[in-house]
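S.K.: pasting the structure only:
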């Protein structure tokens with residue numbers, strides 16, 4: 001049984017662990033397939049409310065694609081449209097549920113996809129970020145776009161062009177907004193991610209899905225389209241049972257009973 005990707009359930013929280021510490025948790029073609037299947041499981045299981053993506057050990061989060069497996073026609077290296085072959089990050093797979101990225105160590109190259117494409121990023125103070133694509137003759141044409149959106153054009157260009165000559169410290173990534181929360185070490189990082197995930201899991205699934213869609217949508221469109229889009233999503237929630245259940249549960253001082261069906265109507 002392939003153990004390169006671990007999938008753990010703790011109540012409503014799923015934890016995906018990249019489990020190849022001997023090779024920096026680098027992604028193999030089999031792992032890419034496993035990730036796509038794992039994200040589909042997260043999305044399709046109504047009992048899963050939040051997901052965490054992290055790496056095994058304390059040295060590396062993910063060092064990108066396994067260089068030993070880098071070959072045209074293998075893994076995602078097919079001459080096809082992006083959406084047809086790249087299906088390993090939560091955003092690529094259109095996961096509507098909250099995803100937390102717990103960066104326990106070095107995030108390099110393709111590992112930056114998870115940083116760029118997750119909703120919340122928590123990192124160890126001992127973690128670092130780099131992009132060595134150009135140092136091994138490859139183009140950083142995808143993850144660098146996501147980093148530019150999250151941390152700014154300068155950060156993406158510095159990482160993408162400096163290659164192996166520059167490692168961005170976690171503190172600097174935090175200052176730029178690439179990281180949302182900093183923890184002392186890898187153990188504390190994963191623990192904080194699980195604690196936060198459990199808290200998030202208590203919220204209305206449908207309200208979170210629409211909130212996430214509105215915020216990410218704003219990165220893809222300009223004003224006034226972005227707020228107009230967000231307003232329509234907000235209005236669409238008025239017909240969902242959670243719109244009434246939330247205030248009612250608050251007034252009655254009890255835990256809300258959310259309806260996980262996005263198509264449910266009151």
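M.R.: Nice, I can see it. Bear in mind the structure is a predicted one, so any value in this text is a computation, not a measurement.

S.K.: just the strands in this protein please.
M.R.: Per DSSP state E, the chain carries strands over the ranges 5-10, 13-18, 50-55, 60-62, 99-103, 106-108, 120-124, 128-130, 168-169, 181-183.

S.K.: and of these, who's closest to residue 161?
M.R.: With respect to residue 161, and counting by Cβ to Cβ, the nearest of the strands of the chain is strand 128-130 at 11.7 Å. All C-beta atoms are positioned from the backbone trio N, CA, C, and that covers glycine.

S.K.: Return the list of helices and strands in contact with the closest one.
M.R.: Counting contacts by 3 or more Cβ pairs under 8 Å, 6 or more residues apart in numbering; DSSP states H and E, the secondary-structure elements packed against strand 128-130 are strand 106-108, strand 168-169, helix 170-176.

S.K.: Strand partners (parallel or antiparallel) of the second one?
M.R.: Strands flanking strand 168-169 in the sheet, each with its direction: strand 128-130 (antiparallel) (DSSP bridges).

S.K.: Kindly report the same for the first one.
M.R.: The strands that strand 106-108 pairs with in its sheet are strand 60-62 (parallel), strand 128-130 (parallel) (by DSSP bridges).

S.K.: residues making contact with it?
M.R.: By Cβ atoms under 8 Å, 6 or more residues apart in numbering, the surrounding residues in contact with strand 106-108 are 24, 59-64, 114-115, 127-132, 167.

S.K.: and the gap between the residue nearest the centre of the chain and residue 232?
M.R.: Within the chain, one residue has its C-alpha closest to the average C-alpha position: by Cα atoms, centre = their mean, that is residue 118, at 2.2 Å. With distances defined as Cβ to Cβ, to the nearest Å, the gap from residue 118 to residue 232 amounts to 25 Å.

S.K.: What ranges in the stretch 151-266 of the chain fall below the confidence cut-off?
M.R.: Regions of the stretch 151-266 of the chain meeting the criterion pLDDT under 70 are absent.

S.K.: related to what we said a few turns ago, closest to residue 236 out of the contacts of strand 106-108?
M.R.: Within these, proximity to residue 236 (Cβ to Cβ) peaks at residue 114, which comes in at 29.3 Å.

S.K.: can you pull the contacts of the closest one?
M.R.: Contacts here follow Cβ under 8 Å, 6+ apart; on that basis residue 114 touches 53, 61, 62, 89, 90, 101, 107.

S.K.: Now restrict those residues to buried residues only.
M.R.: Taking 16 or more other Cβ atoms under 10 Å as the criterion, what is buried in the contacts of residue 114 is 53, 61, 62, 89, 90, 101, 107.

S.K.: Of the residues you listed, which is the nearest to residue 246?
M.R.: residue 90 (25.3 Å).

S.K.: these two touch, right, that closest one and residue 40?
M.R.: No - proximity of residue 90 to residue 40 does not meet the contact threshold set by Cβ atoms under 8 Å, at 11.0 Å.

S.K.: all helices for this structure, in order.
M.R.: 29-44, 82-85, 112-117, 143-151, 153-162, 170-176, 186-200, 205-218, 225-236, 241-251 (DSSP state H).
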